[in-house]
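S.K.: sequence plus predicted model, see below.
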Amino acid sequence: MLSSVPEQADRLLIALLQMAQADGLRDWFNRIAAIVGARKQPKEIERVLEAAQAADPAARVSVITGLGDGVRRARSSLHKTVPPRFKPMLTALADEAQSAALNDAVKLDRRVDAVGGVDHRIDVVGIDRMLFGSHAPLFYVEAAVLKLRESQLSQSQADAVRRNNARRLLAAGK
């Protein structure tokens, strides 16, 4: 069904977001947002993000992660696609995911969902501005390694985060 409406996916998603009883639609928000993201049409993405700003937080997360998934499938990133005025909203989402993943008081299923935060953080700031960090000794190094391993990064992107970006920064400081 969704594959038959890619040109109207943004309008469909906006209409669903505006429905008062949208609780059962979050999975649909994510799927339709992925279609919008894969199309990489700036005006469509902008309209969807405007609607997401007014939506409840869970719906907003579903839409933004869906957009990110779609844009990544189209071999780009939200960092390159999203207008600057929406970047604070993306940064807040990435910060929230990172905080949840590192917080022992948060339910395990929410922490596992937050593991995908590496991909979304990169969408916000760009691969060339990411460095690996574990928050050791306060947190287990293995948790940070798992997040990186379970991300959707290519080998060259993971190498950039693990070491190449740090080497570049350290060489620039000499």
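M.R.: Nice, I can see it. All of these numbers come straight from a predicted model, not from anything done at the bench.
S.K.: mind checking how far Thr65 is from Ala94?
M.R.: Remark: distance between Thr65 and Ala94 (C-beta to C-beta, to the nearest Å) = 11 Å. Placement of C-beta: from N, CA and C, glycine included.
S.K.: typo on my end, it should be Trp28
M.R.: Applying C-beta to C-beta to Trp28 and Ala94 gives a distance of 23 Å.
S.K.: which of the two has more residues huddled nearby?
M.R.: For Trp28 and Ala94, the more surrounded residue by other C-beta atoms under 10 Å is Ala94, and the numbers stand at 22 against 16.
S.K.: Met58: neighbour count?
M.R.: If you look again at residue 58, you'll see it is Ala, not Met. When counting by other C-beta under 10 Å, one arrives at 12 neighbours for Ala58.
S.K.: kindly report the same for Ser156.
M.R.: Using other C-beta under 10 Å, Ser156 is surrounded by 9 other residues.
S.K.: flag every buried residue along whichever strand or helix holds it.
M.R.: Assigned by DSSP states H and E, Ser156 belongs to helix 155-159. Within helix 155-159, the residues scored as buried using 16 or more other C-beta atoms under 10 Å are 157-158.
S.K.: quick one: contacts of that helix?
M.R.: 122, 127, 148, 151 (C-beta atoms under 8 Å, 6 or more residues apart in numbering).
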